[in-house]
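In: build me a structure from this.
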Amino acid sequence: SVLRAREQELQAIFDASPVGIAVLDPQADYAFVKANQAVGQLLAYPVRHLLGKTGRDLGLWEDADARARLYMALERDGLAEAEAWLRRGDGRAFLAALSTRTLPIAGQLRTVWVISDITELRRIEGELRELNAGLSSTVQRLQLTLDELVRAEKLASLGSMVAGIAHELNTPLGNGVMAVSSLRGAIATFRNQSEQGLRRSMLNQLLEAMTTGTDIAARNLARAAELVTSFKQVAADQASSQRRSFALHEVTNEIVLTLRPLIRRSEVSIEVQVPEDLWFDSYPGPLGQVLTNLLSNAVTHAFEGRSERRIRIEAEALASGRVGIRVADNGCGIAEDLLLRIFDPFVTTRMGRGGTGLGLHIAHNLVVQVLGGSISVASQPGEGCCFTIELPRKAPVAALPA
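Out: Predicted coordinates for the structure are as follows:
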């Protein structure tokens, strides 16, 4: 008959649902009357083992008060939702989202459970909160460091770093929050719709939403974590100027990352060719400051009136045992009368228009006095500019940062 076929179809949907659904008897202390395979997998019990047993019999509830509150609300209102820690048959605990409703089925009162494991979802939300807290803490530390750099006439690099953090972390964190919110919305929609009866299309929609949402959240959390790690390392290096062993390509990539908003806004393309095997026992903070000043200087001064804007950073091991680093651009070059004074303080073509003339002076002092190296510049008007730095792999012991 049509009715029988309909019952078989609903039973097939009930059994195949990826969301846990169970029917309980409220007059028998909420013993399980029926459960699908998803419930069995979630609770780590064969479905036949659940039937006729209560949550108390199974030791299902971690918190007896949570059970009491849920069923009290259910008996009062006929429906209730809660989050509670449950224990599986194998002893593992998980955080469950429970949506319950008592209604007459075939002439008898029955309570329908819709249950899902939200442990991972809440973990992701917790990581997002931790990332936000870590971001706030990092920005606070950067602001303190920024104040110190103002007094030491090193304002530009930290300003770019703070801008980089605010801009770069906003996108993955925002995407992660939206993905988690979409997941919660999809689950809520499914719960509401399932009260009117289950359809295969509803289950497919829920599966698709959950797959897409978790994938987006995971990818963006990984991206945010990578950015936070880079920003924290740059901030720690520039704040403390402590000596340590480091790879040149890591420091270079971290600096380029922090300056990405400035570079992108100025429509400059940047190419980095630094071998991964160039290691230093030196001061990554001052070296990062030098690279920051050179890149910021190029973006600010080199490309006025130019449509094609390129900067190239490259490095190589030299025969002398030192390392050569070149930062070159295809900009307008440096006038001859400025070239001989380029590392002097307050030499700038933009005085009064955002230029202090201190960036290259600071870079020169750090290279020579702290890193134990040398820096030079070659340029022709209209043909770009190239700064060449030569550094020992091991900084002089006496070269202590100020």
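In: helix or strand for Ser137, which one?
Out: helix 119-151 (DSSP states H and E).
In: elements contacting the lengthiest strand in the chain?
Out: For the chain, the longest strand by residue count, based on DSSP state E, is strand 93-105. With contacts taken as 3 or more C-beta pairs under 8 Å, 6 or more residues apart in numbering; DSSP states H and E, strand 93-105 sits against helix 64-77, strand 79-87, strand 108-117, helix 119-151. Bear in mind the C-beta positions are built from the backbone N, C-alpha and C, glycine included.
In: that one vs helix 119-151, what angle?
Out: Here the directions of strand 93-105 and helix 119-151 differ by 130 degrees (axes from the mean of the first three to the mean of the last three C-alpha atoms, to 10 degrees).
In: partner strands of strand 93-105, with direction?
Out: Strand 93-105 has its sheet partners listed here by DSSP bridges as strand 79-87 (antiparallel), strand 108-117 (antiparallel).
In: return the distance of it from the chain's centre.
Out: Strand 93-105 sits 33 Å away from the centroid of its parent chain (C-alpha atoms, centre = their mean, to the nearest Å).
In: list the buried residues in it.
Out: Of all the residues in strand 93-105, those buried under the rule 16 or more other C-beta atoms under 10 Å are 94-102.
In: tell me who's in contact with Ala298.
Out: By C-beta atoms under 8 Å, 6 or more residues apart in numbering, the contact list for Ala298 reads 268, 311, 327, 329, 331, 385.
In: how about Leu51: what's its closest non-neighbour residue?
Out: Phe32 (5.3 Å; C-beta to C-beta, 6 or more residues apart in numbering).
In: SS state for the one you found?
Out: strand (DSSP: H, G, I helix; E, B strand; the rest coil).
In: and Asn293, which helix or strand is it part of?
Out: helix 284-301.
In: what of Ala38?
Out: Counting by DSSP H and E, Ala38 is part of helix 37-43.
In: ok, residues contacting the longest strand of the chain?
Out: Contacts of strand 93-105 (C-beta under 8 Å, 6+ apart): 23, 26, 42, 62, 70, 74-75, 78-88, 109-119, 122, 187, 191, 195.
In: rerun at 6 Å
Out: Applying C-beta atoms under 6 Å, 6 or more residues apart in numbering, the external contacts of strand 93-105 come out as 26, 62, 74, 78-87, 111-119, 122, 191.
In: next, the closest residue to Arg56 other than its chain neighbours: phi, psi?
Out: Closest residue to Arg56 apart from its sequence neighbours, by C-beta to C-beta, 6+ apart: Asp29 at 7.1 Å. Main-chain torsions, Asp29, degrees, to the nearest 10: phi 60, psi 40.
In: likewise for Gly331?
Out: Dihedral angles (degrees, to the nearest 10) for Gly331: phi -80, psi -160.
In: from Thr252, how far off is it?
Out: 20 Å (C-beta to C-beta, to the nearest Å).
In: low-confidence bits of the stretch 201-350 of the chain, can you list those?
Out: Across the stretch 201-350 of the chain, the ranges flagged by pLDDT under 70 are 220, 222-241, 345-350.
In: cutoff 90 now
Out: 201-244, 251, 253-268, 283-286, 288-290, 292-293, 295-308, 319-321, 331-350 (pLDDT under 90).
In: where along it do the strands fall?
Out: 244-247, 269-273, 279-282, 310-317, 322-329 (DSSP state E, counting those that start in this stretch).
In: most tightly packed of those strands?
Out: strand 322-329 (a mean of 20; mean count of other C-beta atoms under 10 Å).
In: contacting residues around that one?
Out: 278, 294, 298, 302, 311-318, 384-392.
In: so how far is it from its chain's centroid?
Out: Relative to its parent chain, strand 322-329 has a centroid offset of 32 Å by C-alpha atoms, centre = their mean.
In: by how many degrees do it and strand 269-273 diverge?
Out: Using the same axes, to 10 degrees, one finds that strand 322-329 and strand 269-273 are set 170 degrees apart in direction.
In: re earlier: would you list the helices and strands packed on strand 93-105 in a markdown table and tack on mean pLDDT and mean neighbour count?
Out: Output for those, formatted as a markdown table (pLDDT from 0 to 100; neighbours: other C-beta atoms under 10 Å):
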| stretch | mean pLDDT | mean neighbour count |
| --- | --- | --- |
| helix 64-77 | 92 | 14 |
| strand 79-87 | 93 | 17 |
| strand 108-117 | 92 | 18 |
| helix 119-151 | 75 | 15 |
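In: surely Pro26 touches Thr111?
Out: Yes: Pro26 is within contact range of Thr111, at 5.0 Å (criterion: C-beta atoms under 6 Å).
In: got the angle between the helix holding Ser137 and helix 284-301?
Out: 80 degrees.
In: can you name every helix or strand that helix 119-151 contacts?
Out: strand 93-105, helix 155-194, helix 200-240 (3 or more C-beta pairs under 6 Å, 6 or more residues apart in numbering; DSSP states H and E).
In: in contact with Leu366, which residues?
Out: 286, 289-290.
In: quick one: closest of the strands paired with strand 93-105 to Val47.
Out: Nearest of these to Val47, taken as C-beta to C-beta: strand 108-117 at 13.3 Å.
In: tell me what angle the closest one forms with helix 64-77.
Out: Angle of strand 108-117 versus helix 64-77, following the same axes, to 10 degrees, is 130 degrees.
In: what's the local residue count around the closest residue in space to Pro46 that isn't next to it in sequence?
Out: The shortest distance from Pro46 to any residue other than its chain neighbours is 6.0 Å, reached at Gly40 (C-beta to C-beta, 6+ apart). Neighbour count of Gly40, defined by other C-beta atoms under 10 Å: 18.
In: before we move on, what about the one 3 residues further on?
Out: Applying other C-beta under 10 Å, we find 26 residues neighbouring Leu43.
In: next one: the nearest residue to it once chain neighbours are set aside from Leu95, what distance?
Out: Setting aside the residues directly before and after it, Leu43 is nearest to Arg88 in space (C-beta to C-beta, 6+ apart), at 5.5 Å. According to C-beta to C-beta, Arg88 stands 12 Å off from Leu95.
In: got any residues that touch both of these two?
Out: Common neighbours of Arg88 and Leu95 (C-beta under 6 Å, 6+ apart) do not exist.
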